[in-house]
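**Student:** Need the 3D shape of this:
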Amino acid sequence: MVDSKGLLVSAPSSGTGKTTVMLGLLRALSDEGLRVQPFKSGPDYIDPAFHRAATGRASFNLDTWAMGAGLLNAIAAQAEGADICIAEGSMGLYDGVATRGQSGFGSSAETARRMGWPVVLVLDVGGQAQSAAATALGFREYMPDLPFAGVILNRVASPRHERLTRLGMERAGLPVLGVLPRRGDLTLPERHLGLIQAVEHPDLDAAIAGYADFLREHVDLEAIKSAARGHALPPVGALPKPPAQRIALAQDAAFSFTYPHLLEGWRAAGAEILPFSPLADEAPAPDADLVWLPGGYPELHAGRIAAAGTFRKALITHAETRPVHGECGGYMALGEALIDKEGTRHQMAGLLGLVTSYEKRKFHLGYRRAVLKSALPGHAPGTALRGHEFHYSTILDQPDAPLAQVADADGNPVPETGSHRGHVTGTFFHLITAEDAP
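**Tutor:** Residues are numbered from 1 along each chain as shown. The predicted structure follows:
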């Protein structure tokens, strides 16, 4: 049995400051000598890299819509040896989808309840005082069996503001675990997909250390540690198996979005992961069985990708005899061309006919269920996959055969079907896992 004692940091909505609270808490507890295991609830591939920077441990996603019980247990087992688990919620605490997935609807509340982790609710109390308690009370009572640790009051304007807000919380019977004064410098840089990547932050370690100092000064860390609880989960279930033995994996600022549980599963099964950088014009390992291009921000580096002749020549040579797969940004890089937001057309690898554009941005966001029409590395035709799509590109041309029949979380058809040609496949969704057998 794995002891999963921990907490889940959430909020009523996005934009309340929970990520900076999360990073400060991770580092402050780690600085005390605790082995802190971070997690992320929901399909996010940026936050886990920040969590790793704060703790030195890989952070894993837990997703009740995409994952069955076995995979959730296998991921929770990554906390073995940790003193405490700290998970970060996504969006608002109860936000999920309308149609049930493999284990639930994808909300952070479901993750907390399943793991037995009490919720620490981060409340932005700007513009209100006692009224904030009504919001917090509603969140505590909405799911009565959800464990609830208390609240951290964020962006408090003055001592008087704090006193009034605390009065409301006392009346509602809600523990106040911390009070954070308003500070404009406690924000992380963002771009169109949310936060910038951890590798791009100009001084990430100093920023996280600053968050930790701020948390130590204004949050009751002893109360937070004492509030940690959890269910003892059986180590039943397995991480996803590798799609090949030797996997050349693109890893740099343009290609970085791979779910940590996939990489851990591949390594645990004995696969060799061979990183290379297209931006540095590196070729994938010539003896790799598979080249995998994950998502990221190719639109910000399209000129360098187009000029990377060594990378492109080796990729084309590999695809003559062995599989190549791309997800989202990696899929775009395998296509014929990518048009950036200024309207400049950049030649890509040309292994698929896909042409994408950021000149006319269109937002694509949501869970995806894909039933394969053709094989994808590691998965046979007919396999149902679960994933997530998040990008702003528009398809101008997609002449190749569709790879899968793709639907959103409610079963509505999605036109971004992915495509395949020869040994090359690509999808706009990021793979989370194959669907459990019925």
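**Student:** okay, CA-based contacts and neighbour counts for the rest of this
**Tutor:** Will do.
**Student:** Do a quick rundown of the helices in the chain.
**Tutor:** 18-31, 47-55, 69-76, 108-115, 131-142, 159-172, 204-218, 221-227, 260-268, 302-307, 309-319, 329-334 (DSSP state H).
**Student:** Find the one among these with the highest mean neighbour count.
**Tutor:** A comparison of those by mean neighbour count, using mean count of other C-alpha atoms under 10 Å, puts helix 329-334 on top with a mean of 29.
**Student:** Can you name every helix or strand that that helix contacts?
**Tutor:** strand 290-293, strand 324-327, strand 424-427 (3 or more C-alpha pairs under 8 Å, 6 or more residues apart in numbering; DSSP states H and E).
**Student:** Could you dump these into a markdown table and include distance to L164 and mean pLDDT?
**Tutor:** Formatted as a markdown table, the helices and strands packed on helix 329-334 follow (distance: least, C-alpha to C-alpha, whole Å; pLDDT from 0 to 100):
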| stretch | distance to L164 | mean pLDDT |
| --- | --- | --- |
| strand 290-293 | 53 | 98 |
| strand 324-327 | 50 | 98 |
| strand 424-427 | 52 | 98 |
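**Student:** among the ones you listed, which is nearest R140?
**Tutor:** Among those, the nearest to R140 by C-alpha to C-alpha is strand 324-327 (38.4 Å).
**Student:** Can you list the strands that that closest one pairs with?
**Tutor:** Applying DSSP bridges to the sheet, strand 324-327 is found paired with strand 290-293 (parallel), strand 424-427 (parallel).
**Student:** so H318 makes contact with A285?
**Tutor:** No - applying C-alpha atoms under 8 Å, one finds H318 not in contact with A285, separated by 9.4 Å.
**Student:** who are the neighbours in contact with G382?
**Tutor:** By C-alpha atoms under 8 Å, 6 or more residues apart in numbering, G382 lies in contact with V371, L372, K373, S374.
**Student:** Who is the second one paired with across the strands?
**Tutor:** Read that as L372. A404.
**Student:** got any ranges where the stretch 201-350 of the chain has weak pLDDT?
**Tutor:** 201-202, 235 (pLDDT under 70).
**Student:** which of the contacts of G382 lies closest to F39?
**Tutor:** V371 (28.3 Å).
**Student:** so the closest one makes contact with A404?
**Tutor:** Yes - between V371 and A404 there is a contact under C-alpha under 8 Å: 5.3 Å.
**Student:** These two: who's more crowded?
**Tutor:** Between V371 and A404, counting by other C-alpha atoms under 10 Å, A404 is the more crowded of the two (25 against 21).
**Student:** Please tell me I have it right and that one contacts R368.
**Tutor:** No - with contact taken as C-alpha under 8 Å, A404 and R368 are classed as non-touching, separated by 11.0 Å.
**Student:** how close does the nearest residue to R229 once chain neighbours are set aside get to L233?
**Tutor:** Of all residues not flanking R229 in the chain, K5 sits nearest, at 4.5 Å (C-alpha to C-alpha, 6 or more residues apart in numbering). Note on K5: its distance to L233, by C-alpha to C-alpha, to the nearest Å, is 10 Å.
**Student:** Between the two, which is the more surrounded one?
**Tutor:** A count of neighbours by other C-alpha under 10 Å puts K5 above the other of K5 and L233, at 22 against 18.
**Student:** what's near enough to touch the closest residue to G210 other than its chain neighbours?
**Tutor:** Once flanking residues are discounted, G210 sits nearest to G24: 7.6 Å by C-alpha to C-alpha, 6+ apart. Applying C-alpha under 8 Å, 6+ apart to G24 gives the contacts A54, I208, A209, G210, Y211, A212, D213, F214, L215.
**Student:** Now with 7 Å, please.
**Tutor:** I208, Y211, A212, L215 (C-alpha atoms under 7 Å, 6 or more residues apart in numbering).
**Student:** now swap in H364 and tell me
**Tutor:** H364 is in contact with E389, F390, H391, Y392, counting by C-alpha under 7 Å, 6+ apart.
**Student:** what would those look like in TSV with neighbour count?
**Tutor:** Converted to TSV, those look like this (neighbours: other C-alpha atoms under 10 Å):
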residue	neighbour count
E389	21
F390	18
H391	21
Y392	17
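**Student:** Ok, which of the helices and strands packed on helix 329-334 comes nearest T135?
**Tutor:** Across the helices and strands packed on helix 329-334, T135 has its closest neighbour in strand 324-327 (39.3 Å, C-alpha to C-alpha).
**Student:** Restrict that closest one to CA atoms and write it as PDB.
**Tutor:** The C-alpha trace of strand 324-327 is given here as PDB (Å, rounded to 0.1, in the frame of the first residue of the first chain):
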ATOM      1  CA  VAL A 324       7.800   9.100 -36.900                       C
ATOM      2  CA  HIS A 325       5.000  10.600 -34.800                       C
ATOM      3  CA  GLY A 326       4.200  14.200 -33.900                       C
ATOM      4  CA  GLU A 327       1.700  15.700 -31.400                       C
END
